[in-house]
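# fold the following for me, if possible:
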Amino acid sequence: MPSDSSRASEAQPGGGVADTRQADPFPVTTATVTTHFKMIFISVLLLEVALLLAMNGMAIFVHDPTEVVKNSISTCSTLATAGFGAICGLIGGKAIN
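Next up is the predicted model:
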């Protein structure tokens, strides 16, 4: 016989049963990930990795950087930051839906 604390309902005087379970404050929801979302996410992720590799490669292997190399590193850094924001936006947008 289950104990009083494990029962989810209690008998009512009129013979009915009152439900005493509380609603889950954090319900589990699932997000459907479509192939279109996967394609965009992987494209942005690959672009992000390529930019970071290019930026680090230029910073490591160019010993005396010219102004063009410095601007290229700065551009890669800016685009990588934008790519990170895009990834966060994609994940956040998917979580809201």
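# can you show me the helices along the chain?
Here the chain has its helices, by DSSP state H, at 35-61, 67-96.
# give me the below-cutoff pLDDT ranges for the protein.
Counting by pLDDT under 70, the chain has low-confidence residues at 1-19.
# make it 90
Applying pLDDT under 90 to the chain flags residues 1-34, 37, 91-97.
# so how far is stretch 50-69 from its chain's centroid?
Put simply, stretch 50-69 sits 29 Å off its chain's centre (C-alpha atoms, centre = their mean, to the nearest Å).
# may I have it as PDB, with CA atoms only?
Taking Å, rounded to 0.1, in the frame of the first residue of the first chain, the C-alpha atoms of stretch 50-69 are listed here in PDB:
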ATOM      1  CA  ALA A  50      37.800  28.900 -40.900                       C
ATOM      2  CA  LEU A  51      38.000  32.600 -39.800                       C
ATOM      3  CA  LEU A  52      39.500  31.700 -36.500                       C
ATOM      4  CA  LEU A  53      42.100  29.400 -38.200                       C
ATOM      5  CA  ALA A  54      43.000  32.200 -40.700                       C
ATOM      6  CA  MET A  55      43.200  34.800 -38.000                       C
ATOM      7  CA  ASN A  56      45.500  32.700 -35.800                       C
ATOM      8  CA  GLY A  57      47.500  31.500 -38.700                       C
ATOM      9  CA  MET A  58      48.200  35.100 -39.800                       C
ATOM     10  CA  ALA A  59      49.000  36.100 -36.200                       C
ATOM     11  CA  ILE A  60      51.400  33.200 -35.700                       C
ATOM     12  CA  PHE A  61      53.200  32.800 -39.000                       C
ATOM     13  CA  VAL A  62      53.600  36.400 -40.100                       C
ATOM     14  CA  HIS A  63      56.600  37.700 -38.200                       C
ATOM     15  CA  ASP A  64      56.600  41.300 -39.400                       C
ATOM     16  CA  PRO A  65      52.900  42.100 -40.200                       C
ATOM     17  CA  THR A  66      52.200  44.800 -42.700                       C
ATOM     18  CA  GLU A  67      49.100  47.100 -42.500                       C
ATOM     19  CA  VAL A  68      47.200  44.800 -44.900                       C
ATOM     20  CA  VAL A  69      47.900  41.700 -42.600                       C
END
